[in-house]
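J.: Give the three-dimensional model of this entry:
(one chain, ligands or ions: 1)
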Amino acid sequence: MGEFLMQWLIIALAIAIGWVLGFFSKRRTSSQVAINKTALEERMQLLYSSYSSESLESLVSNLPVSKDTLALHISIAGHFRKKGEVDRSLLIHQNLLAYPGLPEKSIEDITYELAKDYMSAGLFDRAEALLLKLQTSRHFATKALRKLLDIYTQEQEWFKAVEVAQKLVQFKEPMSGELTHFYCELASDSLRSGDLFEAEQFYRRALDCDKKAVRPYIAYADFLIKRGSHKEAVSYLRKAAEQNSDFLCELIPRFLVCAEALKEETRFRRYLDELQVDSSPSLALGMAESLRQELGAEEAEKYLSRALLERPKLITLDRLLDLRMDLAEANTDVAFLAAVKQVTTGLLKEAPRYRCMGCGFAGKQLYWLCPSCKQWGKIRPVQGVSGL
Ligand SMILES: [Zn+2]
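T.: Got it, this is the predicted structure:
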């Protein structure tokens, strides 16, 4: 019974494949191609949802390779890869590549798909070797270089990433944003190995690449603070604030360190006043902290109370409670303040501090490369009542 059923399944699948092949073999005008692409995808999806991987694999292994069936072979292999069955897609692409007499364009097509299989399987060295062959291809050069960039980013091979990004620039691809991050990563590597001179060179290149980026200004300011060049660091922090006020929560603590080192608290507060960024609680917290350091907790508490009424933010309330508890007399309701403070701190711990504008990934830490969608510079501090 089982064998009988299997025979019927194979016959039914053969009919379905013939039905799909009709799409690949018919010659069409360019205006028909777009309309038919959707219909073809629908047919392929129906095919994939109707038959098991085993049936599809059995049929594709018996399907002759020709210019009419090649796209179907590649499509079925791609379906296996999407399902996570990389072994099956690898086998199909490797067999296709061994087939003699295929046109150059088809060989490149299969090579590119095979490289994607190797990447899915985590075999980056094999994928890299294939993609390097395609980097001079008329049809696949930019796609191959983009995949190479993915590999070098995952492997943190930043010199190679720079090299590939520069090649993409020659193909008119906008790469300044990514290059900035690669140079910042190289600078971090140099710092870790103790080469300060080299690190500074990389920061300079990062700053030259993309004048609108925030990261190199922040990173270079950190470098200058560690070196004790606080005055110079302030000028880079100011530029970062001009570029993007969303990152004030990152900048204010650094400004505070510089202001304290330079004994320029008053000047720092004047600067914050001039910034006039209404929505950022970080600015109010920075102002309060500077007041606390120079004039004491009472001045800071007065300022933060006004700031909270003007712009109610969870983090402002949390800090205000800290100051109130510090100033509270023994007979005032310290226990009540402590209980409220427990609530605000709990809410702050649960709330994400950063969110990716590309995929929505949320977390507590600022990543320049989103761990989820792998895009550079898409993560921003969260705004709103529980924002920074
Ligand atoms: Zn993302």
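J.: name the helices or strands packed onto the strand or helix carrying L145?
T.: Under the criterion of DSSP states H and E, L145 resides in helix 141-154. In terms of contact count using 3 or more C-beta pairs under 8 Å, 6 or more residues apart in numbering; DSSP states H and E, helix 141-154 is assigned the packing partners helix 104-120, helix 124-134, helix 158-170. Quick note: C-beta positions are derived from backbone N, CA and C, even for glycine.
J.: Check what contacts it and list those residues.
T.: Helix 141-154 is contacted from outside by 112, 115-116, 119, 124, 127-128, 131-132, 134-135, 137, 157-158, 160-161, 164-165, 167-168, 171, 173, 178, 369, 374, using C-beta atoms under 8 Å, 6 or more residues apart in numbering.
J.: ok, 6 Å please
T.: Identification of contacts with helix 141-154 by C-beta atoms under 6 Å, 6 or more residues apart in numbering yields F124, E128, L131, L134, Q135, K160, A161, V164, K167, L168, F171.
J.: just stretch 253-265 next, same as before
T.: Among residues not part of stretch 253-265, those counted as contacts by C-beta under 6 Å, 6+ apart are A221, H230, A233, V234, L237, F268, E289, S290, E294.
J.: mind listing what's buried in it?
T.: Taking 16 or more other C-beta atoms under 10 Å as the neighbour-count basis, stretch 253-265 is seen to contain the buried residues R254, F255, L256, V257, C258, A259, E260, E264, E265.
J.: can the residues you listed go into a markdown table with extra columns for pLDDT and distance to F336?
T.: Formatted as a markdown table, those follow (pLDDT from 0 to 100; distance: C-beta to C-beta, whole Å):
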| residue | pLDDT | distance to F336 |
| --- | --- | --- |
| R254 | 95 | 35 |
| F255 | 93 | 34 |
| L256 | 91 | 30 |
| V257 | 95 | 34 |
| C258 | 96 | 37 |
| A259 | 92 | 34 |
| E260 | 91 | 33 |
| E264 | 90 | 38 |
| E265 | 87 | 32 |
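J.: how many neighbours does the residue nearest to V162 when sequence neighbours are not counted have?
T.: Closest residue to V162 apart from its sequence neighbours, by C-beta to C-beta, 6 or more residues apart in numbering: F182 at 5.0 Å. Other residues within reach of F182 by the criterion other C-beta atoms under 10 Å amount to 28.
J.: Kindly report the same for A98.
T.: When neighbours are defined as other C-beta under 10 Å, A98 has 10 of them.
J.: cool, L304 as well?
T.: For L304, the number of neighbouring residues by other C-beta under 10 Å comes to 26.
J.: next one: A307
T.: Burial measure for A307: 20 neighbouring residues, criterion other C-beta under 10 Å.
J.: Now find how far off-centre the host helix or strand of it is within its chain.
T.: With secondary structure defined by DSSP H and E, A307 is part of helix 297-310. Mean-position distance between helix 297-310 and its chain equals 38 Å (C-alpha atoms, centre = their mean, to the nearest Å).
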